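# this one's structure only:
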């Protein structure tokens, strides 16, 4: 998807996932909407550039859990072990 399409589709008035959900609701979608908070954006938001360099600390995991939608299972836990596949 192009950046132009992203900006045209919805005003970017949010920073957190709950704020995003509020923005979707305010927009009044005419179709069914399903959203997902991926692990990578969550880690990037909390750990910044170090997200791919190291494991999250306990306080960082707690922060990820705090900003994850209620009922999101294991959203901020450690990633699964790597299998060695490319």
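Arrived safely. Everything numeric in this text was worked out from a predicted model, so none of it was measured. Residues are numbered from 1 along each chain as shown.
# going by C-alpha atoms from here, please, whenever you check contacts or count neighbours.
Noted.
# next helix or strand past the worst-scoring helix or strand of the chain on mean pLDDT?
Within the chain, no helix or strand scores below helix 3-9, which has a mean of 73 by mean pLDDT, DSSP states H and E. Following helix 3-9 in sequence order, the next helix or strand is helix 17-27 (DSSP states H and E).
# buried residues in that next one?
17, 23 (16 or more other CA atoms under 10 Å).
# now it: mean pLDDT?
For helix 17-27, mean pLDDT rounds to 84.
# and what of stretch 39-46?
Per-residue scores along stretch 39-46 average to 88.
# related to what we said a few turns ago, what residues sit buried inside the least confident helix or strand of the chain?
For helix 3-9, the neighbour count (16+ other CA under 10 Å) marks no residue as buried.
# same check on stretch 33-49?
Residues 42, 43, 46, 47 are the ones in stretch 33-49 that count as buried (16+ other CA under 10 Å).
# could you measure from the second one over to residue 35?
Counting by CA to CA, to the nearest Å, the gap from residue 43 to residue 35 is 17 Å.
# what does the third one give?
In this structure, residue 46 and residue 35 are separated by 20 Å, where distance is defined by CA to CA.
# domains for the chain, by residue range?
Under automatic domain parsing, the residue ranges defining each domain of the chain are 1-34, 36-74.
# how far does the first one sit from its chain's centre?
On the basis of CA atoms, centre = their mean, to the nearest Å, domain 1-34 is displaced by 13 Å from the centre of the chain it belongs to.
# let's check: the centremost residue of the protein is which one?
residue 37 (3.7 Å; CA atoms, centre = their mean).
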